[in-house]
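[1] build me a model:
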Amino acid sequence: MAYRTFNLCEAIAWFVCAVLVAVRWKQFRRSRLEPWYAVAFLLFGLTDLGEASRLDVPLLMIKLVLLIALSWLRRKVRPLYPDSTML
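    Prediction:
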């Protein structure tokens, strides 16, 4: 039960990150990659919803691909906001 609750809370956190990135992009539009960054957060949150009910190898592989994508997107987008402490 604790694992399920943790994954549900984690999913909410990823959804909040997706919204924050989308709002920032809508306000500043500094990169075409930012919507993809928001989508990657959204998809990662969806995988946590799936992980709350089941855990299997395909889901873990999807999470790995999304984690790599998030890391790459962060490296590309983050320098556009040097003073930001957010994402």
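[2] now for the helix or strand containing Val65, which elements pack on it?
    Using DSSP states H and E, Val65 falls within helix 57-77. Packing partners of helix 57-77 (3 or more CB pairs under 8 Å, 6 or more residues apart in numbering; DSSP states H and E): helix 34-53. Every residue, glycine included, has its C-beta placed from N, CA and C.
[3] contact partners of the helix holding Val65?
    By CB atoms under 8 Å, 6 or more residues apart in numbering, the surrounding residues in contact with helix 57-77 are 21, 30-31, 33-34, 36-37, 40-41, 43-44, 47, 50-51, 87.
[4] check those for burial and list the buried ones.
    21, 31, 33-34, 36-37, 40-41, 43-44, 47, 50-51, 87 (16 or more other CB atoms under 10 Å).
[5] pLDDT and distance to Leu80 for those - can I get that in a markdown table?
    A markdown table is the format used below for the buried ones among the contacts of helix 57-77 (pLDDT from 0 to 100; distance: CB to CB, whole Å):
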| residue | pLDDT | distance to Leu80 |
| --- | --- | --- |
| Val21 | 96 | 12 |
| Ser31 | 94 | 6 |
| Leu33 | 97 | 9 |
| Glu34 | 96 | 8 |
| Trp36 | 98 | 14 |
| Tyr37 | 98 | 11 |
| Ala40 | 98 | 16 |
| Phe41 | 98 | 16 |
| Leu43 | 98 | 22 |
| Phe44 | 98 | 21 |
| Thr47 | 97 | 26 |
| Gly50 | 94 | 31 |
| Glu51 | 93 | 31 |
| Leu87 | 74 | 11 |
